[in-house]
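J.: please find the sequence and the predicted model below.
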Amino acid sequence: MLRFIRPETLVRWIEQRQAAHAAQDRAVLLYDGRCGFCLWSVKRLRVLDLFGWVDPLDFHAQPDLTRLNPALTPERCRSEMVLVEPNGRLSGGFQAFARLTRRLPLLMWLAPLTHLPGADWIGTRVYRWVATHRNLLHRNPSCQTNQCAAKGCN
């Protein structure tokens with residue numbers, strides 16, 4: 001199918017979609033900017049977000065989280081990524097990931113998997129394990145505390 005689509009046409013379509021989404025309110029994805037694994041994940045997310053639907057924000061850079069949503073706390077943002085949608089809906093951890101799979105075109109193939117029986121139960125536990133052990137998943141082996149991300153050495 002892609003053999004019959006001219007690259008210029010595809011690029012023009014993506015640019016039109018980006019312009020349309022830029023005029024709309026964007027979702028905010030709060031993450032821990034002092035976590036190397038989180039920074040690595042957000043870099044990948046920016047690539048997957050073709051239309052600029054998500055605005056990643058280091059929660060440490062947001063002095064008053066309650067301005068985004070009254071239910072937000074630094075403790076929650078430190079323990080899981082939190083998605084604040086334009087309508088105010090709040091999702092965290094695996095639920096935030098599942099919501100992203102429904103909005104980001106390059107992740108949409110995963111969306112049906114998040115609705116399978118038991119997917120929420122398994123996904124929540126896998127997400128919790130990854131969040132708890134994220135310093136083990138950090139790409140810089142010399143960083144034992146995961147705090148080197150704040151210094152920019154990842």
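T.: In hand now; what should we look at?

J.: show me the contacts for Thr124.
T.: Applying CB atoms under 8 Å, 6 or more residues apart in numbering, we find Thr124 in contact with 93-95. For every residue, glycine as well, the C-beta is placed using N, CA and C.

J.: where does pLDDT dip in the chain?
T.: Scanning the chain for pLDDT under 70 picks out the ranges 1-3, 20-24, 138-154.

J.: now do Phe4 against Arg67, distance only.
T.: Going from Phe4 to Arg67 by CB to CB, to the nearest Å gives 48 Å.

J.: neighbour count: those two, which is higher?
T.: Arg67 (9 against 5; other CB atoms under 10 Å).

J.: how close does that one get to Leu57?
T.: 12 Å.

J.: can you map out the strands along the protein?
T.: 27-31, 54-58, 82-84, 90-92 (DSSP state E).

J.: which residues touch the third one?
T.: Applying CB under 8 Å, 6+ apart, the external contacts of strand 82-84 come out as 27-30, 54, 59, 68-69, 72, 76, 90-92, 96, 99-100.

J.: next one: that strand to chain centre, how far?
T.: In terms of CA atoms, centre = their mean, to the nearest Å, the centre of strand 82-84 is set 8 Å apart from its chain centre.

J.: for the last one, same thing?
T.: Here strand 90-92 shows a centroid-to-chain-centroid distance of 11 Å under the convention CA atoms, centre = their mean.

J.: helices of the chain, residue ranges please.
T.: 7-22, 36-48, 74-79, 94-103, 119-132 (DSSP state H).

J.: tell me what angle the second one forms with helix 119-132.
T.: For helix 36-48 and helix 119-132, the angle between their directions (axes from the mean of the first three to the mean of the last three CA atoms, to 10 degrees) works out to 130 degrees.

J.: and helix 36-48, which residues are buried?
T.: 36-42, 45 (16 or more other CB atoms under 10 Å).
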